[in-house]
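K.L.:
here is a sequence with its predicted model. Questions after.
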Amino acid sequence: MLKHTLQDLAGKGHRGFDCSDSSLEKLAGWGAQPQQICETLQDIRLDLGDCQRCRLAEDRKNIVFGAGSPSAKLVFVGEGPGFEEDQQGEPFVGPAGQLLTKIIEAIHLRREQVYICNIVKCRPPRNRNPQPDEIKTCFQFLDRQIAAIRPDFICALGSVAAQTLLNTAVPISRLRWRFHDYKDLKLLPTYHPAYLLRNPEKKRDVWQDMKMLMKEYPYET
Ligand code: URA
């Protein structure tokens, strides 16, 4: 928490704080466990507030924090809200979202059982990719959401989500179809549903990825 506060203050132009990587790393260690145990999604949403931390705040209508079960075993992470999501304040409610709902149902789950969120919480203008500084500013909130939910799996939808979470520039076509480690979780990258709408022949690949996920997912019997 202290780390985020210092970064926020520095981001807002306050000077005189030591925000060097080594100091921030030390701070991250202090009290890291209590924060992970205690912080809820509501706490994180409150901390996000009426966020003005980056330029995406200028054009957004709504912050799209995330939706679904706070105790989900599976978290889907997309790139950032599109037009419909910005209008409604809910993730994946436009055409790509309808396809995501079908994917979730195809793996025998319901949207309410999983958690759905994005790398950035505000719509990038004209649906451009989020820029590295916007991702860097927003990432702490996603990281804390994942820590609060403590899922077994993350499914990273598309290259922005997969490359950000895995801190790599490897293309999604080479990241998908296997599990990666994200901290102590299993992360499965796959193609973004919006990409599938443009390239329906890739649905077969996503189904391959989903079958891998189904083999490992702890379904209740
Ligand atoms: N695309 C995304 O990456 N996220 C959404 O919430 C909607 C579309």
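P.N.:
Received, thanks. Quick caveat: nothing in here was measured; it's all calculated off a predicted structure.

K.L.:
residue in this protein nearest to the ligand?
P.N.:
G78 (2.9 Å; CB to the nearest ligand atom). For the C-beta atoms, the positions are set from N, CA and C on the backbone; glycine is no exception.

K.L.:
so that residue makes contact with F92?
P.N.:
Yes: counting by CB atoms under 8 Å, G78 touches F92, with 6.2 Å between them.

K.L.:
which residues are in contact with each of these two?
P.N.:
Listed as contacting both G78 and F92 by CB atoms under 8 Å, 6 or more residues apart in numbering are L100, I116.

K.L.:
what parts of this protein come near the ligand?
P.N.:
For the chain, the contact set with the ligand under CB under 6 Å from any ligand atom comprises 78-82, 85, 91-92, 94, 96-97, 118, 194.

K.L.:
identify those among these that sit within helices.
P.N.:
E85, A96, G97, A194 (DSSP state H).

K.L.:
quick revisit: how about JSON lines for the residues of the chain next to the ligand, with neighbour count and pLDDT added?
P.N.:
Shown next, in JSON lines, are those (neighbours: other CB atoms under 10 Å; pLDDT from 0 to 100):
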{"residue": "G78", "neighbour count": "27", "pLDDT": "98"}
{"residue": "E79", "neighbour count": "24", "pLDDT": "98"}
{"residue": "G80", "neighbour count": "25", "pLDDT": "98"}
{"residue": "P81", "neighbour count": "29", "pLDDT": "98"}
{"residue": "G82", "neighbour count": "22", "pLDDT": "97"}
{"residue": "E85", "neighbour count": "24", "pLDDT": "98"}
{"residue": "P91", "neighbour count": "26", "pLDDT": "98"}
{"residue": "F92", "neighbour count": "27", "pLDDT": "98"}
{"residue": "G94", "neighbour count": "20", "pLDDT": "97"}
{"residue": "A96", "neighbour count": "22", "pLDDT": "98"}
{"residue": "G97", "neighbour count": "21", "pLDDT": "98"}
{"residue": "N118", "neighbour count": "26", "pLDDT": "98"}
{"residue": "A194", "neighbour count": "21", "pLDDT": "98"}
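
K.L.:
which one among these gets closest to G68?
P.N.:
Comparing the residues of the chain next to the ligand against G68 with CB to CB places P91 closest, at 8.6 Å.

K.L.:
so for the helix of greatest length in the chain, what gets flagged as buried?
P.N.:
For the chain, the helix reaching the highest residue count under DSSP H is reported as helix 132-149. By 16 or more other CB atoms under 10 Å, the buried positions in helix 132-149 come out as E134, I135, T137, C138, Q140, F141, L142, R144, Q145, I146, A148, I149.

K.L.:
no further queries at this time; thank you.
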